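> got a structure for you, letters missing:
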């Protein structure tokens, strides 16, 4: 009986480790996109996705930082676009 519990425990631990590793890989990929994009809606989307992934991995402070950067950039883009209206 104890062997079954041990096997289940380590299986769950292995799955959790794989999930966490996959989340970090997504975050790293999105950060690479950030370094390659200019200030546009693609960058805002990447910032929001990073924020969501960080929130899912239990890092709310970092998630808030990226969400705030997305908000600031969105407001900046809206301001620039309003200036171009006739």
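Yes, it's here. Owing to the predicted nature of the structure, the values given are computational and were not obtained by experimental measurement.

> Show me which parts of stretch 62-80 are buried, residue by residue.
By 16 or more other Cβ atoms under 10 Å, the buried positions in stretch 62-80 come out as 62, 63, 66, 67, 69, 70, 73. (Glycine included, C-beta is placed from N, CA and C.)

> now the first one, nearest residue through space, not along the chain?
Think residue 62. Sequence neighbours aside, residue 54 is the residue nearest to residue 62 in space, at 4.6 Å (criterion: Cβ to Cβ, 6 or more residues apart in numbering).

> Report the central residue of the chain.
Residue closest to the mean C-alpha point of the chain, counted by Cα atoms, centre = their mean, is residue 50 at 1.7 Å.

> which SS class is that residue?
At residue 50 the chain is in helix, as set by DSSP: H, G, I helix; E, B strand; the rest coil.

> can you check residue 62 too?
Residue 62 - assigned by three-state DSSP - is helix.

> Secondary structure for the buried residues of stretch 62-80 - can I get that in CSV?
CSV is the format used below for these (three-state DSSP):
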residue, secondary structure
62, helix
63, helix
66, helix
67, helix
69, helix
70, helix
73, helix
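
> got any ranges where the protein has weak pLDDT?
1, 5-23, 80, 83-86 (pLDDT under 70).

> Just the helices from it, written as ranges.
2-36, 41-56, 60-83 (DSSP state H).

> Return the closest of the buried residues of stretch 62-80 with respect to residue 40.
residue 73 (8.7 Å; Cβ to Cβ).

> Name all residues that make contact with that closest one.
Taking Cβ atoms under 8 Å, 6 or more residues apart in numbering, we find residue 73 in contact with 39, 43, 44, 47.
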